[in-house]
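K.L.:
just a sequence and a predicted model for now, questions to come.
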Amino acid sequence: MAKSANTMRGHAARVLDHQTAKAAAGPTAPRVVEPAAGPTGRRLAGNLGPGTLYPGVGKLVQRTGQPHRCGTMTGYAFGYTEHPNTKDIKRLSTRFAGQFLLVDRQGTVLQGVECYLPSTLERGIKAALRLRGEGGEPVPFAVELWCEPDAEGRPPSPLGYSYVTYDRAPQGASNPLMALAYEAGIFERPAAALPAPAEADSGEVDPETGEPVAASQAAA
(Lines give C-alpha, C1' and ligand atoms only; values in the text may rest on other atoms or scores of the structure.)
Protein backbone atom coordinates (compact mmCIF):
# COMPACT_ATOMS: atom_id res chain seq x y z
CA MET A 1 0.00 0.00 0.00
CA ALA A 2 2.81 2.41 0.89
CA LYS A 3 4.55 1.63 -2.39
CA SER A 4 1.30 2.21 -4.35
CA ALA A 5 0.74 5.55 -2.58
CA ASN A 6 4.31 6.62 -3.34
CA THR A 7 3.81 5.69 -7.01
CA MET A 8 0.61 7.73 -7.21
CA ARG A 9 2.25 10.71 -5.53
CA GLY A 10 5.17 10.48 -7.97
CA HIS A 11 2.86 10.35 -10.95
CA ALA A 12 0.87 13.34 -9.66
CA ALA A 13 4.09 15.27 -9.15
CA ARG A 14 5.23 14.56 -12.72
CA VAL A 15 1.83 15.67 -14.11
CA LEU A 16 2.02 18.87 -12.05
CA ASP A 17 5.55 19.57 -13.26
CA HIS A 18 4.47 19.04 -16.89
CA GLN A 19 1.47 21.37 -16.49
CA THR A 20 3.63 24.02 -14.79
CA ALA A 21 6.24 23.88 -17.57
CA LYS A 22 3.54 24.06 -20.24
CA ALA A 23 1.93 27.09 -18.58
CA ALA A 24 5.29 28.85 -18.29
CA ALA A 25 6.01 28.26 -21.96
CA GLY A 26 2.80 30.06 -22.96
CA PRO A 27 0.56 29.13 -25.89
CA THR A 28 1.97 26.77 -28.47
CA ALA A 29 3.54 28.69 -31.36
CA PRO A 30 2.10 27.96 -34.82
CA ARG A 31 4.16 25.68 -36.99
CA VAL A 32 6.11 27.57 -39.62
CA VAL A 33 5.51 26.44 -43.20
CA GLU A 34 8.69 25.59 -45.05
CA PRO A 35 9.50 28.46 -47.45
CA ALA A 36 9.47 27.88 -51.20
CA ALA A 37 12.64 28.02 -53.26
CA GLY A 38 11.74 31.49 -54.56
CA PRO A 39 9.67 34.49 -53.44
CA THR A 40 5.99 33.86 -52.68
CA GLY A 41 3.26 36.44 -53.30
CA ARG A 42 2.91 39.45 -55.55
CA ARG A 43 5.85 41.82 -55.52
CA LEU A 44 5.12 45.34 -54.25
CA ALA A 45 6.56 47.85 -56.68
CA GLY A 46 8.01 51.17 -55.58
CA ASN A 47 7.65 54.63 -57.16
CA LEU A 48 4.41 53.82 -58.95
CA GLY A 49 2.85 56.58 -61.01
CA PRO A 50 1.76 57.66 -64.48
CA GLY A 51 5.32 57.47 -65.77
CA THR A 52 5.65 53.76 -64.93
CA LEU A 53 2.79 52.78 -67.26
CA TYR A 54 4.54 53.75 -70.49
CA PRO A 55 8.11 54.99 -70.01
CA GLY A 56 9.14 57.43 -72.74
CA VAL A 57 5.60 58.04 -74.00
CA GLY A 58 5.99 61.81 -73.61
CA LYS A 59 8.78 62.01 -76.18
CA LEU A 60 6.79 59.71 -78.45
CA VAL A 61 3.82 62.09 -78.30
CA GLN A 62 6.11 65.05 -78.93
CA ARG A 63 7.52 63.35 -82.02
CA THR A 64 4.32 61.95 -83.51
CA GLY A 65 1.73 64.44 -82.29
CA GLN A 66 -0.59 61.48 -81.63
CA PRO A 67 -2.21 60.37 -78.33
CA HIS A 68 -1.13 57.07 -76.81
CA ARG A 69 -2.83 54.87 -74.22
CA CYS A 70 -0.65 54.31 -71.16
CA GLY A 71 -2.68 51.90 -69.02
CA THR A 72 -5.02 51.83 -66.02
CA MET A 73 -4.75 52.84 -62.38
CA THR A 74 -7.05 51.45 -59.67
CA GLY A 75 -6.77 51.97 -55.96
CA TYR A 76 -7.85 53.10 -52.53
CA ALA A 77 -6.06 56.18 -51.20
CA PHE A 78 -5.63 56.29 -47.40
CA GLY A 79 -3.56 59.46 -47.11
CA TYR A 80 -0.70 61.42 -48.68
CA THR A 81 2.58 63.21 -48.03
CA GLU A 82 4.08 66.17 -49.87
CA HIS A 83 7.76 66.63 -50.68
CA PRO A 84 9.90 68.83 -52.96
CA ASN A 85 9.83 67.76 -56.59
CA THR A 86 13.04 65.98 -57.59
CA LYS A 87 13.38 68.05 -60.79
CA ASP A 88 12.13 71.40 -59.50
CA ILE A 89 12.56 72.08 -55.78
CA LYS A 90 10.15 75.02 -56.02
CA ARG A 91 7.33 72.60 -56.76
CA LEU A 92 5.72 70.08 -54.41
CA SER A 93 5.02 66.48 -55.34
CA THR A 94 2.32 64.39 -53.65
CA ARG A 95 2.83 60.71 -52.87
CA PHE A 96 -0.28 58.78 -51.84
CA ALA A 97 -0.40 55.84 -49.44
CA GLY A 98 -2.97 53.08 -49.83
CA GLN A 99 -3.59 50.06 -52.05
CA PHE A 100 -2.84 50.51 -55.74
CA LEU A 101 -3.10 48.23 -58.76
CA LEU A 102 -1.70 49.44 -62.08
CA VAL A 103 -1.73 47.73 -65.48
CA ASP A 104 0.82 49.11 -67.93
CA ARG A 105 0.51 49.26 -71.74
CA GLN A 106 1.92 45.73 -72.09
CA GLY A 107 -0.58 44.24 -69.63
CA THR A 108 1.88 43.86 -66.75
CA VAL A 109 0.21 44.16 -63.34
CA LEU A 110 1.99 46.41 -60.84
CA GLN A 111 0.92 46.50 -57.20
CA GLY A 112 2.11 48.81 -54.45
CA VAL A 113 1.23 50.77 -51.32
CA GLU A 114 2.61 54.14 -52.50
CA CYS A 115 1.74 55.90 -55.74
CA TYR A 116 1.85 59.24 -57.56
CA LEU A 117 -1.31 60.25 -59.43
CA PRO A 118 -2.07 62.52 -62.40
CA SER A 119 -2.74 66.09 -61.31
CA THR A 120 -6.49 66.06 -62.09
CA LEU A 121 -7.04 62.97 -59.96
CA GLU A 122 -4.58 64.16 -57.31
CA ARG A 123 -6.49 67.35 -56.52
CA GLY A 124 -9.83 65.58 -56.19
CA ILE A 125 -8.53 62.81 -53.93
CA LYS A 126 -6.65 65.23 -51.67
CA ALA A 127 -9.83 67.26 -51.22
CA ALA A 128 -11.85 64.10 -50.45
CA LEU A 129 -9.30 62.91 -47.87
CA ARG A 130 -9.30 66.30 -46.14
CA LEU A 131 -13.10 66.27 -46.08
CA ARG A 132 -13.29 62.78 -44.57
CA GLY A 133 -10.72 63.63 -41.91
CA GLU A 134 -8.59 61.38 -39.70
CA GLY A 135 -9.92 57.83 -39.60
CA GLY A 136 -12.29 58.41 -42.54
CA GLU A 137 -13.02 55.95 -45.31
CA PRO A 138 -10.35 55.55 -48.03
CA VAL A 139 -11.02 57.21 -51.38
CA PRO A 140 -11.49 54.74 -54.28
CA PHE A 141 -10.71 55.41 -57.93
CA ALA A 142 -10.41 53.55 -61.22
CA VAL A 143 -9.08 55.42 -64.24
CA GLU A 144 -7.60 54.92 -67.68
CA LEU A 145 -4.63 57.09 -68.56
CA TRP A 146 -3.61 58.53 -71.94
CA CYS A 147 -0.76 60.78 -72.90
CA GLU A 148 -2.08 63.37 -75.34
CA PRO A 149 -0.62 66.35 -77.21
CA ASP A 150 -1.84 69.84 -76.33
CA ALA A 151 -5.24 70.53 -77.81
CA GLU A 152 -5.51 73.31 -80.35
CA GLY A 153 -6.86 76.58 -79.04
CA ARG A 154 -5.65 75.97 -75.50
CA PRO A 155 -2.56 77.43 -73.78
CA PRO A 156 0.43 75.16 -74.48
CA SER A 157 1.92 73.13 -71.64
CA PRO A 158 5.67 73.30 -70.94
CA LEU A 159 6.28 69.90 -72.59
CA GLY A 160 3.62 70.04 -75.29
CA TYR A 161 1.70 67.07 -73.86
CA SER A 162 -0.14 66.01 -70.71
CA TYR A 163 -1.59 62.94 -69.07
CA VAL A 164 -5.36 62.81 -69.54
CA THR A 165 -7.51 60.84 -67.10
CA TYR A 166 -10.65 58.91 -68.08
CA ASP A 167 -12.90 57.74 -65.25
CA ARG A 168 -13.57 53.99 -65.29
CA ALA A 169 -15.52 53.84 -62.00
CA PRO A 170 -19.07 52.40 -62.17
CA GLN A 171 -21.63 55.01 -63.25
CA GLY A 172 -24.81 53.16 -62.28
CA ALA A 173 -27.60 54.37 -60.01
CA SER A 174 -25.56 53.34 -56.96
CA ASN A 175 -23.03 56.06 -57.81
CA PRO A 176 -23.94 59.07 -55.58
CA LEU A 177 -23.27 61.55 -58.39
CA MET A 178 -25.48 59.68 -60.86
CA ALA A 179 -28.17 59.28 -58.19
CA LEU A 180 -28.16 63.06 -57.73
CA ALA A 181 -28.42 63.63 -61.49
CA TYR A 182 -31.38 61.22 -61.71
CA GLU A 183 -33.08 62.92 -58.77
CA ALA A 184 -32.57 66.35 -60.35
CA GLY A 185 -34.13 65.16 -63.61
CA ILE A 186 -30.96 65.69 -65.63
CA PHE A 187 -30.90 62.07 -66.77
CA GLU A 188 -33.83 59.80 -67.44
CA ARG A 189 -33.91 56.88 -65.05
CA PRO A 190 -33.41 53.46 -66.69
CA ALA A 191 -36.66 51.56 -67.11
CA ALA A 192 -37.11 48.99 -64.36
CA ALA A 193 -37.34 45.40 -65.51
CA LEU A 194 -40.93 44.15 -65.40
CA PRO A 195 -41.61 40.92 -63.48
CA ALA A 196 -42.44 37.85 -65.55
CA PRO A 197 -46.22 37.26 -65.92
CA ALA A 198 -47.62 34.77 -63.44
CA GLU A 199 -48.74 31.45 -64.85
CA ALA A 200 -52.44 30.67 -64.55
CA ASP A 201 -53.51 28.08 -61.99
CA SER A 202 -55.23 24.88 -63.08
CA GLY A 203 -57.64 24.95 -60.17
CA GLU A 204 -56.03 21.81 -58.71
CA VAL A 205 -54.13 21.63 -55.43
CA ASP A 206 -50.97 19.64 -54.71
CA PRO A 207 -51.98 17.07 -52.05
CA GLU A 208 -48.55 17.19 -50.35
CA THR A 209 -47.87 20.94 -50.22
CA GLY A 210 -51.34 22.41 -50.52
CA GLU A 211 -50.05 24.80 -53.21
CA PRO A 212 -52.04 25.52 -56.40
CA VAL A 213 -50.85 23.51 -59.40
CA ALA A 214 -49.94 25.50 -62.54
CA ALA A 215 -51.92 24.70 -65.67
CA SER A 216 -48.79 23.52 -67.52
CA GLN A 217 -47.97 21.07 -64.71
CA ALA A 218 -51.50 19.77 -64.55
CA ALA A 219 -51.45 19.15 -68.30
CA ALA A 220 -48.23 17.21 -68.00
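P.N.:
Now that the structure is in, tell me what you want to look at. Numbering: from 1, shown residues only.

K.L.:
contacts and neighbour counts: CA atoms only from here.
P.N.:
Will do.

K.L.:
which residue is nearest the centroid of the protein?
P.N.:
Nearest to the mean C-alpha position of the chain, counting by CA atoms, centre = their mean, stands residue 75 at 5.0 Å.

K.L.:
how about the contacts made by that residue?
P.N.:
Applying CA atoms under 8 Å, 6 or more residues apart in numbering, we find residue 75 in contact with 98-101, 140-142.

K.L.:
same thing but 7 Å
P.N.:
Neighbour list for residue 75: 99-101, 140-142 [criterion: CA atoms under 7 Å, 6 or more residues apart in numbering].

K.L.:
make TSV out of these and add secondary structure and distance to residue 69.
P.N.:
Shown next, in TSV, are those (DSSP: H, G, I helix; E, B strand; the rest coil; distance: CA to CA, whole Å):
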residue	secondary structure	distance to residue 69
99	strand	23
100	strand	19
101	strand	17
140	strand	22
141	strand	18
142	strand	15
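
K.L.:
quick one: buried ones out of these?
P.N.:
Buried subset of the contacts of residue 75 (neighbour count, 16 or more other CA atoms under 10 Å): 99-101, 141-142.

K.L.:
turn these into CSV, including pLDDT and distance to residue 134.
P.N.:
Listed next are these as CSV, based on pLDDT from 0 to 100; distance: CA to CA, whole Å:
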residue, pLDDT, distance to residue 134
99, 95, 17
100, 96, 20
101, 96, 24
141, 94, 19
142, 95, 23
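
K.L.:
which one of the residues you listed is nearest residue 39?
P.N.:
Nearest to residue 39, judged by CA to CA, of the buried ones among the contacts of residue 75 is residue 101 at 19.5 Å.

K.L.:
so that closest one touches residue 74, yeah?
P.N.:
Yes. Between residue 101 and residue 74 there is a contact at 5.2 Å, judged by CA atoms under 7 Å.

K.L.:
helix, strand, or coil at residue 121?
P.N.:
helix (DSSP: H, G, I helix; E, B strand; the rest coil).

K.L.:
how close does it sit to residue 33?
P.N.:
Residue 121 sits 42 Å away from residue 33, going by CA to CA, to the nearest Å.

K.L.:
also residue 68?
P.N.:
Going from residue 68 to residue 33 by CA to CA gives 46 Å.

K.L.:
select the longest strand from the chain.
P.N.:
Looking across the chain with DSSP state E, the single longest strand is strand 68-84.

K.L.:
which positions in that one come out as buried?
P.N.:
Quick answer for strand 68-84 (16+ other CA under 10 Å): 68-80.

K.L.:
got the contact list for the closest residue to residue 107 other than its chain neighbours?
P.N.:
Closest residue in space to residue 107, ignoring its immediate chain neighbours: residue 71 at 8.0 Å, by CA to CA, 6 or more residues apart in numbering. If a contact means CA under 7 Å, 6+ apart, then residue 71 has 53, 103-105, 144-145 as its contacts.
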